[in-house]
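Asks: give me the fold of what follows.
(2 chains)
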Amino acid sequence: MRRVVVSGLGLQSPIGSDLRSVIELIGNPRSALVNEDFENKAGKVRKVLMARVPKLASEPRRHGFITEDRSVLLSRSATEAALNNANLLSAEKVDFRKSMSVFVGTGVGPIHSIEAAFANWQLPEVTTYPLTVVRGLHNGIAAEISIRFGIQGPARTFAMACASSGVAIASAVRDIRAGVCTAAIVCGADTPLSKPMIDAWLAMRVYASSDSCVEGEDVGCVPFSQYRTGLALAECAATLIIEDLDSVRARGHEPIAEILGCGETSDAAHMTAPSRDAQISAMRLALRDAGIPSDQIAYVNAHATGTVAGDIAEAESLAAVFSRKTLVSSTKSIHGHTLGAAGTLEAILSIATLVAQCAPPTFGLKSVDPKCDQIQHIVGDPSAIPPGSTCLSNSFAFGGHNVSLVLRAI
Amino acid sequence: MVSPDTAIHEASQRILELVKEHFPAVNLDGYQGKNMHEIGLDSLDMVDLAWVVENEFSIKFSDDDLQKITSLEALAKLVTSKNDA
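Replies: Model (predicted):
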């Protein structure tokens, strides 16, 4: 079977734009989440925890419209960096890029453009923007990547909420193994920090509180903590270039990591309540696909977002698959929940962990929820892992979509 | 009473500002005498630009009007004629 590797990566994220900055962050963990004033539609102002990508150079606006959706802007920039990192951006790589495929994962897609369309509808003095349809299509990111970089293979979009880009990776791996393509761009992107979207998450009562206080404890977005109060949203685009190992070596480029296995399942049960059995199956399928036993996994980058239901379900699922020899953390308290970008972003964090041989803690975690304490959490300082380790990254989503990936440094 | 030439010049200046603001990739060097395609505006951009100009000048272009917008100079003349109407 063909071996599939990561040959380049790039990101537009609250925690940096390249592998080096992510590795530095793992060694010196801190949170990019900040409390911002948020005014809801009733005019009430409150503090809300979130993480933004530093402002890009060009974001022209007109009549309430963003010229290009922010998800497209971030994705293009992250993908350009990833292609450059993979040594595939130069003019002499035009023919190689033509043969590539695109796999995009996004949850809420062009949400800013869709919201602008509704805002425009409320303005009788402004006529309807003629590019509303084009800007509001969910395939905008994939189309932009294809057009901008000359990718002539299939350009697909996966909309599976928070599992979107994890599923995009798994799909690309399967296509490369099957010989459908030898190289692919996999981009996860979501930009959910718009007022109606934030307010909708607050209304669901799963958002981290900025008002609560427990002495000596972080009560915001701290997955697995006894005192956590919920998730915190963040925007991000994170891109991986994945290739057939022989193809990478034939062009004289050094890969960064290998994707050993993927597992996907569906809960088939409930829109939001997670299924332990389906999560366990996804992880076991990924391990079987990788051909390794669970005790060879040194570290798991958990999906845990900081919600009570999600954290407990995942801790129980992990305990069914792994012993306490396997270290576990969630990095959501470092970068926030990036929704559809979580799969590629956390794959990059997993790769950084493997390269640095250093696993990040669940930042801010002090008192582990007793219902999540059956696994080996990384608390406090980062934890060393042996050279040549293997790790697993989970992405679970509303709708009951589960995907697990097994990665190893190369 | 503003002379027709002055009105067209003023409309041209405002349209150039709008193009710079909304289509930063367009090269306006020597735009006079060039058609829209030659300065880097395609058919989708033209629909977009027409919308920007309509809302800026509070005018409305018909489908026939859009066919006449072959250059920035033609657009300025059309805007001026709409304002006079």
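Asks: enumerate every residue touching residue A:131.
Replies: By C-beta atoms under 8 Å, 6 or more residues apart in numbering or on different chains, the contact list for residue A:131 reads B:44, B:47, B:48, B:51. No exception for glycine: its C-beta is placed from N, CA and C like everyone else's.
Asks: what backbone torsions are found at the nearest residue to residue A:345 once chain neighbours are set aside?
Replies: Nearest residue to residue A:345 in three dimensions, chain neighbours excluded: residue A:238, at 4.1 Å (C-beta to C-beta, 6 or more residues apart in numbering or on different chains). Note on residue A:238: its backbone torsions stand at phi -130, psi 130 [degrees, to the nearest 10].
Asks: which residues touch residue A:238?
Replies: Here residue A:238 is in contact with A:9-13, A:78, A:165, A:187-189, A:338, A:341, A:344-345, A:347-348 (C-beta under 8 Å, 6+ apart).
Asks: show the low-confidence segments of chain A, by residue range.
Replies: A:56-67 (pLDDT under 70).
Asks: number of residues surrounding the residue of it found nearest chain B?
Replies: Residue nearest to chain B within chain A: residue A:130 (4.7 Å; C-beta to the nearest C-beta). The burial count assigned to residue A:130 is 16, neighbours taken as other C-beta atoms under 10 Å in any protein chain shown.
Asks: any idea which helix or strand carries it?
Replies: Per DSSP states H and E: residue A:130 is located in neither a helix nor a strand.
Asks: I'd guessed it sits against residue B:48; true?
Replies: Yes. Between residue A:130 and residue B:48 there is a contact at 6.5 Å, judged by C-beta atoms under 8 Å.
Asks: return the subset of the contacts of residue A:238 lying in helices.
Replies: Within these, residues falling in helices by DSSP state H are A:78, A:165, A:344, A:345, A:347, A:348.
Asks: element containing the most centrally placed residue in chain B?
Replies: Centroid-nearest residue in chain B, with C-alpha atoms, centre = their mean: residue B:75, separated by 3.5 Å. Assigning secondary structure by DSSP H and E places residue B:75 in helix B:72-84.
Asks: who does the longest helix along chain B touch, helix- and strand-wise?
Replies: Longest helix in chain B by number of residues (criterion: DSSP H): helix B:4-22. For helix B:4-22, the packing partners by 3 or more C-beta pairs under 8 Å, 6 or more residues apart in numbering or on different chains; DSSP states H and E come out as helix B:43-57, helix B:72-84.
Asks: residues contacting residue A:199?
Replies: Residue A:199 neighbours (C-beta under 8 Å, 6+ apart): A:38, A:40, A:41.
Asks: not counting its neighbours along the chain, what's nearest the last one?
Replies: To tie it back to what came earlier, the one meant is residue A:41. residue A:199 (6.8 Å).
Asks: with just CA atoms, put the strand or helix carrying the one you found into PDB.
Replies: Secondary-structure element containing residue A:199, defined by DSSP H and E: helix A:195-203. C-alpha atoms of helix A:195-203 as PDB (Å, rounded to 0.1, in the frame of the first residue of the first chain):
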ATOM      1  CA  LYS A 195     -22.000  38.500  16.000                       C
ATOM      2  CA  PRO A 196     -25.000  36.400  15.100                       C
ATOM      3  CA  MET A 197     -22.900  33.200  15.100                       C
ATOM      4  CA  ILE A 198     -21.400  34.000  18.500                       C
ATOM      5  CA  ASP A 199     -24.800  34.900  20.000                       C
ATOM      6  CA  ALA A 200     -26.200  31.600  18.600                       C
ATOM      7  CA  TRP A 201     -23.500  29.600  20.400                       C
ATOM      8  CA  LEU A 202     -24.100  31.600  23.600                       C
ATOM      9  CA  ALA A 203     -27.800  30.900  23.200                       C
END
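Asks: mind listing what's buried in that helix?
Replies: Across helix A:195-203, burial judged by 16 or more other C-beta atoms under 10 Å in any protein chain shown covers A:197, A:198, A:199, A:201, A:202.
Asks: where does the prediction get shaky in chain B?
Replies: B:1-2, B:85.
Asks: name the helix or strand for residue B:66, please.
Replies: Going by DSSP H and E, residue B:66 is part of helix B:63-68.
Asks: list the contacts of the closest residue to chain A within chain B.
Replies: Of all residues in chain B, the one sitting closest to chain A is residue B:47 (4.7 Å; C-beta to the nearest C-beta). By C-beta under 8 Å, 6+ apart, the contact list for residue B:47 reads A:130, A:131, B:66.
Asks: give me the most central residue, chain A.
Replies: Closest-to-mean residue, chain A, C-alpha atoms, centre = their mean: residue A:342 / 1.5 Å.
Asks: okay but that residue is in contact with residue A:303, surely?
Replies: Yes. Between residue A:342 and residue A:303 there is a contact under C-beta under 8 Å: 7.0 Å.
Asks: between these two, which contacts overlap?
Replies: Joint contacts of residue A:342 and residue A:303 (C-beta under 8 Å, 6+ apart) are A:162, A:395.
Asks: wait, doesn't residue B:68 sit right on residue B:81?
Replies: No. Contact criterion C-beta under 8 Å: residue B:68 and residue B:81 do not qualify, at 9.9 Å.
Asks: now the strands for the stretch 101-250 of chain A?
Replies: A:101-105, A:155-158, A:183-190, A:233-234, A:236-244 (DSSP state E, counting those that start in this stretch).
Asks: now the ones you listed as a markdown table including distance to residue A:33?
Replies: As requested, the strands of the stretch 101-250 of chain A are exported to a markdown table (distance: least, C-beta to C-beta, whole Å):
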| stretch | distance to residue A:33 |
| --- | --- |
| strand A:101-105 | 22 |
| strand A:155-158 | 26 |
| strand A:183-190 | 16 |
| strand A:233-234 | 7 |
| strand A:236-244 | 13 |
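Asks: of all the ones you listed, which lies closest to residue A:291?
Replies: strand A:236-244 (17.8 Å; C-beta to C-beta).
Asks: so what strands line up beside the closest one?
Replies: Looking at strand A:236-244 with DSSP bridges, its partner strands are strand A:4-12 (antiparallel), strand A:183-190 (antiparallel).
Asks: got the angle between the shortest one and helix A:195-203?
Replies: Okay, so that is strand A:183-190. Our comparison of strand A:183-190 with helix A:195-203, counting by axes from the mean of the first three to the mean of the last three C-alpha atoms, to 10 degrees, yields an angle of 70 degrees.
Asks: centre of the chain to strand A:183-190, how far?
Replies: 10 Å (C-alpha atoms, centre = their mean, to the nearest Å).
Asks: convert the C-alpha atoms of that strand to PDB, please.
Replies: Extracted in PDB, the C-alpha atoms of strand A:183-190 (Å, rounded to 0.1, in the frame of the first residue of the first chain):
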ATOM      1  CA  ALA A 183      -0.600  14.800  -4.000                       C
ATOM      2  CA  ALA A 184      -3.400  16.800  -2.400                       C
ATOM      3  CA  ILE A 185      -4.100  20.100  -0.700                       C
ATOM      4  CA  VAL A 186      -6.200  19.700   2.500                       C
ATOM      5  CA  CYS A 187      -7.500  22.900   3.900                       C
ATOM      6  CA  GLY A 188      -9.600  23.300   7.000                       C
ATOM      7  CA  ALA A 189     -11.100  26.700   7.600                       C
ATOM      8  CA  ASP A 190     -13.800  28.400   9.600                       C
END
